[in-house]
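[1] this one's sequence-less:
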């Protein structure tokens, strides 16, 4: 009932930039907070950045000063602009959205995208 369209990953060199995008669609009433997580091999999934429905951002320490999260509520979409990328940023990046469905406006659940690979070479 909730589907994701993620794009923008790929292979870049250290110091370069990349922009990830995520759009949520389906039988959606409201999209609340949205967030990007990442998971490197043999590591736990970790929060990178989150943005509230009102547009207030929050960043992991590793992302502060380098990453910028934004959203477009009219399209149920979110972007993550990443600058000064380092090999340590290599991971699968996942979009997560807090969503209520049509007919259940006040019942929210978290939904996850399928993930998108980001690889930064040194």
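    Ah, there it is. Everything quoted here is computed from the prediction, not taken from an experiment.
[2] ok, the closest residue to residue 37 other than its chain neighbours - contacts?
    Ranked by Cβ to Cβ, 6 or more residues apart in numbering and with sequence neighbours excluded, the top spatial neighbour of residue 37 is residue 94, at 4.6 Å. C-betas here are computed from N, CA, C, even on glycine. Each residue near residue 94 by Cβ atoms under 8 Å, 6 or more residues apart in numbering is listed here: 36-39, 45, 112-116.
[3] where does residue 94 sit, in terms of helix or strand?
    Using DSSP states H and E, residue 94 sits in strand 91-101.
[4] from residue 122, how far out is the residue lying closest to residue 30 once chain neighbours are set aside?
    The shortest distance from residue 30 to any residue that is not its chain neighbour, by Cβ to Cβ, 6+ apart, is 4.6 Å, and that residue is residue 100. When distances are taken as Cβ to Cβ, to the nearest Å, residue 100 and residue 122 turn out to be 43 Å apart.
[5] likewise for residue 3?
    Using Cβ to Cβ, which is the criterion applied here, residue 3 is 36 Å from residue 122.
[6] between these two, tell me which one has more neighbours.
    Using other Cβ atoms under 10 Å as the criterion, residue 3 and residue 122 rank with residue 3 on top: 13 against 9.
[7] quick check: phi and psi on the more buried one?
    As for residue 3, its main-chain torsions (degrees, to the nearest 10) stand at phi -130, psi 150.
[8] show me the beta-bridge partners of it.
    Per DSSP bridges, the residues bridged to residue 3 are residue 25.
[9] repeat for residue 7
    Beta-bridge partners recorded for residue 7 (DSSP bridges): residue 21.
[10] and what of the one 5 residues further on?
    Residue 12 forms beta bridges with residue 120, as assigned by DSSP bridges.
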